[in-house]
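> please work out how this folds:
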Amino acid sequence: MNRTLYSLCGADRSRPFSPHTWKTVLSLAHKGLDHQTKPVGFTQVPVIENAATKIVPLLRDGEQLVSDSFEIALYLEKTYPDRPSLFGGEGGKAMARFIESWSLMTLHTSLVRIILVDIHDSLEPVDRAYFRTSREARFGMSLEAVAETGIEELKSFAAKLEPLRTMLKKQPFIGGETPLFADYIVFGPLQWARIVSTKRILEPGDPVIDWFERCLDLHDGAGRSVTAA
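Take a look at the predicted model:
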């Protein structure tokens, strides 16, 4: 195997938690491509592969280095066209662009406030210091103050998934009868929360939970390879 995925982890290197990493994990599994995982902490990212990237996931596929989960998906689709498609055509790529924007602007911005302190607490000391400094500068307040705003975010989070909930009345996946990269985009942030936090973000009986469980079971249970917090 000459394929390596650099994945963001906390102190427990067996528990990659980045939502973007999980998009790539399922994309590789979707294509039936084996890989080895190299876990990295926040402060290690700038030095991997001779400072090749400022973000993870970073995929090394032979001599190729590709960063950013969407760019990796596009690369896999182009490089391995004989394997199951991640997009189902150009329309699927366009749809995934929209889903990506909605997920980043709606789900990620809400969830990060809900689980920010949980992420911090899962990190090694050197990464905790970096994380606190960088995130407090980003939010303009302490992590604890952000967590206070997360209380209200948690109350309203389920409503943000109503478009998905409504769609699931007609089909089992965003991709239709089978999943596409668009499903992995939305799976990523929910997996992020599942791995780093014990907070219950959705109520039992929610159709979104059923969809998420189906995603966890995909590709021989790749999503279940890391247990819930």
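> thought Lys169 was touching Pro207, still the case?
Yes. Contact criterion Cβ atoms under 8 Å: Pro207 and Lys169 qualify, at 7.4 Å. Any C-beta I mention is one placed from the backbone N, CA and C, and that applies to glycine too.
> looking at these two, which has the bigger crowd around it?
More crowded of Pro207 and Lys169, by other Cβ atoms under 10 Å: Pro207, with 15 against 7.
> which non-adjacent residue is nearest the more buried one?
Leaving aside its chain neighbours, Pro207 sits nearest to Leu168 (4.7 Å; criterion: Cβ to Cβ, 6 or more residues apart in numbering).
> and what of Phe131?
Closest residue to Phe131 apart from its sequence neighbours, by Cβ to Cβ, 6+ apart: His120 at 5.4 Å.
> tell me which element that neighbour is part of?
helix 109-121 (DSSP states H and E).
> may I have that helix as PDB, with CA atoms only?
Output of helix 109-121 as PDB, limited to C-alpha atoms (Å, rounded to 0.1, in the frame of the first residue of the first chain):
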ATOM      1  CA  THR A 109     -20.800  26.900  12.600                       C
ATOM      2  CA  SER A 110     -23.400  25.600  15.000                       C
ATOM      3  CA  LEU A 111     -21.700  22.400  16.100                       C
ATOM      4  CA  VAL A 112     -18.300  24.000  16.800                       C
ATOM      5  CA  ARG A 113     -19.900  26.200  19.500                       C
ATOM      6  CA  ILE A 114     -21.600  23.100  21.000                       C
ATOM      7  CA  ILE A 115     -18.500  20.900  21.200                       C
ATOM      8  CA  LEU A 116     -15.600  23.500  21.300                       C
ATOM      9  CA  VAL A 117     -14.600  22.700  24.900                       C
ATOM     10  CA  ASP A 118     -15.000  19.000  24.300                       C
ATOM     11  CA  ILE A 119     -12.500  19.300  21.400                       C
ATOM     12  CA  HIS A 120     -10.100  21.300  23.600                       C
ATOM     13  CA  ASP A 121     -10.300  18.700  26.400                       C
END
